[in-house]
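In: Got a sequence here, can you model it:
(one chain, ligands or ions: 1)
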Amino acid sequence: MITYKITKKHHHANRENFKIKKLYNSDVMDALNNITKRNSARSLVEPHPTKDEMATVFEAALRAPDHAWLKPSTFIQITGAGRNKLSDIFIQSAKELKSELSNIQITKYTEAPFRAPMIVILVSTPKDHPKVPPIEQIISTGCAGQNIMLALNAMGYGAIWRTGAFAFNKIIAKNLGLESSAEVIGYIYTGTASGNNKKIPTHDLNDYVDVWD
Ligand SMILES: Cc1cc2nc3c(=O)[nH]c(=O)nc-3n(C[C@H](O)[C@H](O)[C@H](O)COP(=O)(O)O)c2cc1C
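Out: Coordinates of the predicted model:
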């Protein structure tokens, strides 16, 4: 539905050549604004999405493109006391990764899950397939992650995708009880955004899009 109109052939010569025409009805604008105005939230507080809302969020996640429908993506939804369990797993994993932990690190890992009222762990478990390599399956889970972010945004919730030491790490996957081929590809922290939204960066499409016609 986005209509970039290139007005001159040699667009690199003139950086004003991309014109985005707004030709859409309000439903389409809502759908587009949900994508273009999404803003990761630094600070997240209660309330978090309800069980019914999360059912919709996971339906959106499972509509990520998925070559051969191998269904590599699964999710762990954590709220309330579940965050204490995740905290224990972070500490246990940090100890296995690095024998000496400073007090600062212990505090950081203990408190990490409490930065939001809800966390969704994105797990990708690539399957053996002659035409679909693991990287495609991990990308599919990445798309599922973005669908989660967008569904949450549409419902008015804030979210931020985080990784750090506890993503792409076999020790954390084992301590979460996942099978050996599973990868934790990220953590979506969610809840209600608090504080001021950061400014959304602007960009010049000419720097990112090459048009051949
Ligand atoms: C795979 C992935 C991992 C990320 N890991 C972190 C992270 O560990 N910590 C962090 O502050 N931001 C992380 N980010 C970036 C934020 O999620 C966010 O995109 C960034 O703060 C820019 O905000 P915006 O999404 O509103 O543009 C990650 C993003 C992606 C896609």
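
In: For Leu150, give its distance to Thr36.
Out: 11 Å (C-beta to C-beta, to the nearest Å). Just so you know, the C-beta spots here come from the backbone N, C-alpha and C atoms, and that holds for glycine as well.

In: helices or strands next to the longest strand that the chain contains in the packing?
Out: Identified as the longest strand of the chain according to DSSP state E is strand 183-193. Under the contact definition 3 or more C-beta pairs under 8 Å, 6 or more residues apart in numbering; DSSP states H and E, strand 183-193 sits against strand 44-45, strand 118-124, helix 134-154, strand 158-162, helix 170-175.

In: care to break this protein down by domain?
Out: Domain segmentation of the chain under automatic domain parsing yields 1-37, 41-197.

In: so how far does the longest one reach from one end to the other?
Out: Just to be clear, that refers to domain 41-197. 7 Å (C-alpha to C-alpha, to the nearest Å).

In: is the ligand contacted by that domain?
Out: Yes. Domain 41-197 is in contact with the ligand by C-beta under 6 Å from any ligand atom, via Ile160, Trp161, Arg162, Thr163, Gly164, Gly186.

In: Please report how far the last one lies from Asp52.
Out: When you say that, I think you mean Gly186. Shown here: Gly186 relative to Asp52, a distance of 24 Å by C-beta to C-beta.

In: Looking at the two, which is more packed in?
Out: Neighbours were counted for Gly186 and for Asp52 using other C-beta atoms under 10 Å; Gly186 has more, 21 against 8.

In: That one: what's it in contact with?
Out: Ile121, Leu122, Gly142, Gly145, Trp161, Arg162, Thr163, Ala167 (C-beta atoms under 8 Å, 6 or more residues apart in numbering).

In: Any chance of JSON lines for those, columns neighbour count?
Out: As requested, the contacts of Gly186 are arranged in JSON lines below (neighbours: other C-beta atoms under 10 Å):
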{"residue": "Ile121", "neighbour count": "21"}
{"residue": "Leu122", "neighbour count": "24"}
{"residue": "Gly142", "neighbour count": "17"}
{"residue": "Gly145", "neighbour count": "23"}
{"residue": "Trp161", "neighbour count": "19"}
{"residue": "Arg162", "neighbour count": "15"}
{"residue": "Thr163", "neighbour count": "13"}
{"residue": "Ala167", "neighbour count": "17"}
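
In: Thanks a lot, see you next time.
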